[in-house]
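Engineer: Pasted the sequence and its predicted model underneath.
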Amino acid sequence: KTKAIKKILDGRCTEEAAMSGSRACVLTPHPKEFSALLANCGFEEYDTRRVIADRFSLAKEFCTAYRNCTLILKGATVLITYWSRKDNDVQVMFNPWGTAALAKAGSGDVLSGLACALLAQGYDATNAAVTASLVHALSSRKFESSWSLTPMELISRIASFNPAKSKSSNQVTPFISEEP
């Protein structure tokens, strides 16, 4: 019996995953990449400003069309969107715990790597996306400067991340599942 290959694709590779039919597919675009993904998948063409303004509805529309994908739409508040077979509807979760320090080249690659590592450990796509996003965000809160966090420094914060000892985690409520 052949198992479905788990995938995580970032940047411009996301169209392949969306159309592949893989059950364990995590996409991690930022708004500009999501704009290109929407256009390449047959949606209207949206500029980045419109994607940012309408990201909730566009993410839901995308995951309705591509039910095999879990979407981590990066931004000031991260959206994690997926098709729930249980609810027969799209579910959206919001992660507001990141910092401006994550708005740097390479931090999205760290997020993708986290999700990939979790998929390799047997997490399903949605739980990998949620866990990776939360660890990524909370680890960024350990850094004092918002302008000079490098991917390697973020990785070192993640490597030492312990939710039980994190000041931030004591104040974290579970992801918000409704539009704010």
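Structural biologist: Great, that's in hand.

Engineer: pLDDT on stretch 81-99, on average?
Structural biologist: The pLDDT scores in stretch 81-99 average 93.

Engineer: Going along the chain, name the helices of this structure.
Structural biologist: With helices called from DSSP state H, the chain shows them at 14-20, 31-40, 48-53, 55-65, 107-120, 125-140, 151-159, 167-170.

Engineer: can you list the ones you listed in a markdown table and add distance to Asp89, mean neighbour count and mean pLDDT?
Structural biologist: The C-beta positions use only the backbone N, C-alpha and C, and glycine is treated the same way. A markdown table is the format used below for the helices of the chain (distance: least, CB to CB, whole Å; neighbours: other CB atoms under 10 Å; pLDDT from 0 to 100):
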| stretch | distance to Asp89 | mean neighbour count | mean pLDDT |
| --- | --- | --- | --- |
| helix 14-20 | 19 | 18 | 55 |
| helix 31-40 | 20 | 20 | 92 |
| helix 48-53 | 22 | 16 | 96 |
| helix 55-65 | 8 | 18 | 96 |
| helix 107-120 | 23 | 20 | 92 |
| helix 125-140 | 14 | 23 | 92 |
| helix 151-159 | 32 | 16 | 87 |
| helix 167-170 | 29 | 12 | 48 |
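
Engineer: of the ones you listed, which approaches Asn95 most closely?
Structural biologist: Asn95 lies closest, by CB to CB, to one member of the helices of the chain: helix 125-140, at 4.8 Å.

Engineer: Can you dump the C-alpha atoms of the closest one in PDB for me?
Structural biologist: C-alpha atoms of helix 125-140 as PDB (Å, rounded to 0.1, in the frame of the first residue of the first chain):
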ATOM      1  CA  ALA A 125      -0.900  18.800   8.200                       C
ATOM      2  CA  THR A 126      -3.200  21.000  10.400                       C
ATOM      3  CA  ASN A 127      -1.600  20.100  13.700                       C
ATOM      4  CA  ALA A 128       1.900  20.600  12.100                       C
ATOM      5  CA  ALA A 129       0.800  24.100  10.900                       C
ATOM      6  CA  VAL A 130      -0.700  25.100  14.200                       C
ATOM      7  CA  THR A 131       2.200  23.900  16.300                       C
ATOM      8  CA  ALA A 132       4.900  25.300  14.000                       C
ATOM      9  CA  SER A 133       3.200  28.700  13.800                       C
ATOM     10  CA  LEU A 134       2.800  28.900  17.600                       C
ATOM     11  CA  VAL A 135       6.400  27.800  18.400                       C
ATOM     12  CA  HIS A 136       7.700  30.200  15.700                       C
ATOM     13  CA  ALA A 137       5.700  33.100  17.100                       C
ATOM     14  CA  LEU A 138       6.400  32.500  20.800                       C
ATOM     15  CA  SER A 139      10.100  32.000  20.100                       C
ATOM     16  CA  SER A 140      10.200  35.400  18.400                       C
END
